[in-house]
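[1] give me a model of this one.
(chains A and B)
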Amino acid sequence: GQNIDQPTEMTATEGAIVQINCTYQTSGFNGLFWYQQHAGEAPTFLSYNVLDGLEEKGRFSSFLSRSKGYSYLLLKELQMKDSASYLCAVSRITGGGNKLTFGTGTQLKVEL
Amino acid sequence: IAGITQAPTSQILAAGRRMTLRCTQDMRHNAMYWYRQDLGLGLRLIHYSNTAGTTGKGEVPDGYSVSRANTDDFPLTLASAVPSQTSVYFCASTSNGGIQYFGAGTRLSVL
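    The predicted structure follows:
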């Protein structure tokens, strides 16, 4: 089976940097996605890592270590609008094709 | 505007009733998925379809059925709704196993 762990909640200050960690155990690993989900809305794609290392996209960066089963999402220059749930999702190749398994999400609250 | 459309946006349903949630995408994506999202449990895969004409079971398929008659449409049917099926349902699609794009969701309450 698969196991994905991420913190339930985090709080950070506007303008600061926050790192959201995700650890996973899976077979057939085919990449790791991060999604952002505001309350009452659909998840939206943030980043994708398939190789080890850091992927940077504006204020958001994501890191992957396949050997350690570990990823993090780094948010810089936090803004109030970054208050949302951040979902870590592992992509696996299965007999039924490519599948995503989601963690339960990290609720980030950005405060003044 | 290209994307995924889900209907209805929300629904209150009596237990035992049949309900079909609709999902349509215009991005010509080959694969489509249905998830349910419950507090504390995250998104869980119900059913999926890798191409038109094929479907498969996900993590929580019991009580649900799907069909994929064409590329664009992927309806989810609850044959006889039960209160435990109260949830938010999201449809998603992807091209060749890449980024999954989600619809706005359907909030279903089964009483």
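[2] low pLDDT regions in chain A?
    Scanning chain A with the threshold set as pLDDT under 70 gives A:1-2.
[3] was I right about residue B:4 contacting residue B:22?
    No. If you go by Cβ atoms under 8 Å, residue B:4 and residue B:22 don't touch, sitting 10.7 Å apart. Bear in mind the C-beta positions are built from the backbone N, C-alpha and C, glycine included.
[4] who has more neighbours out of those two?
    residue B:4 (23 against 15; other Cβ atoms under 10 Å in any protein chain shown).
[5] ok, now how distant is the more buried one from chain A?
    To chain A, residue B:4 is 9 Å away according to Cβ to the nearest Cβ, to the nearest Å.
[6] look up the closest residue to that residue, ignoring the ones flanking it.
    residue B:103 (3.9 Å; Cβ to Cβ, 6 or more residues apart in numbering or on different chains).
[7] surely that neighbour is in contact with residue B:92?
    Yes. Using Cβ under 8 Å, residue B:103 is in contact with residue B:92, at 7.1 Å.
[8] list residues touching both of those two?
    Residues touching both residue B:103 and residue B:92 by Cβ atoms under 8 Å, 6 or more residues apart in numbering or on different chains: residue B:4.
[9] quick one: the strands in chain A?
    For chain A, the strands defined by DSSP state E occupy A:3-5, A:9-13, A:18-25, A:29-37, A:44-49, A:53-57, A:60-65, A:70-75, A:84-94, A:97-102, A:106-111.
[10] what's the closest of those to chain B?
    Go through these one by one with Cβ to the nearest Cβ and the one that ends up closest to chain B is strand A:97-102, at 3.2 Å.
[11] is any residue of that closest one near chain B?
    Yes. Interface with chain B: strand A:97-102 contributes A:97-102 (Cβ under 8 Å from any Cβ of the partner chain).
[12] quick check, central residue of chain B?
    The centroid of chain B falls nearest to residue B:34 when counting by Cα atoms, centre = their mean (3.2 Å).
[13] where does that one fall, secondary structure wise?
    Using DSSP states H and E, residue B:34 sits in strand B:31-38.
[14] other SSEs contacting that strand?
    Counting contacts by 3 or more Cβ pairs under 8 Å, 6 or more residues apart in numbering or on different chains; DSSP states H and E, strand B:31-38 is packed against strand A:97-102, strand B:19-25, strand B:42-49, strand B:87-94.
[15] what lies in contact with that strand?
    Strand B:31-38 is contacted from outside by A:97-98, A:100, A:102, B:21, B:23, B:25, B:43-51, B:58, B:60, B:64, B:66, B:68, B:74, B:76, B:85, B:87-97, B:100, B:105, using Cβ under 8 Å, 6+ apart.
[16] measure how buried residue B:14 is and give me the count.
    Residue B:14: 9 surrounding residues under other Cβ under 10 Å.
[17] how close does it sit to residue A:36?
    Going from residue B:14 to residue A:36 by Cβ to Cβ, to the nearest Å gives 35 Å.
[18] so what's the gap between stretch A:36-48 and the chain middle?
    Relative to the chain's own centre, stretch A:36-48 is displaced by 10 Å; criterion: Cα atoms, centre = their mean, to the nearest Å.
[19] pull the CA atoms of that stretch into CSV?
    The C-alpha trace of stretch A:36-48 is given here as CSV (Å, rounded to 0.1, in the frame of the first residue of the first chain):
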residue,chain,number,x,y,z
GLN,A,36,-3.2,24.1,-3.4
GLN,A,37,-6.8,24.0,-2.2
HIS,A,38,-8.6,27.1,-0.9
ALA,A,39,-11.6,26.4,1.3
GLY,A,40,-14.6,25.4,-0.8
GLU,A,41,-12.7,25.2,-4.0
ALA,A,42,-11.0,22.7,-6.2
PRO,A,43,-7.4,21.6,-5.8
THR,A,44,-5.1,23.5,-8.2
PHE,A,45,-1.7,22.3,-9.4
LEU,A,46,1.4,23.9,-7.9
SER,A,47,4.4,21.8,-8.7
TYR,A,48,5.7,18.4,-9.9
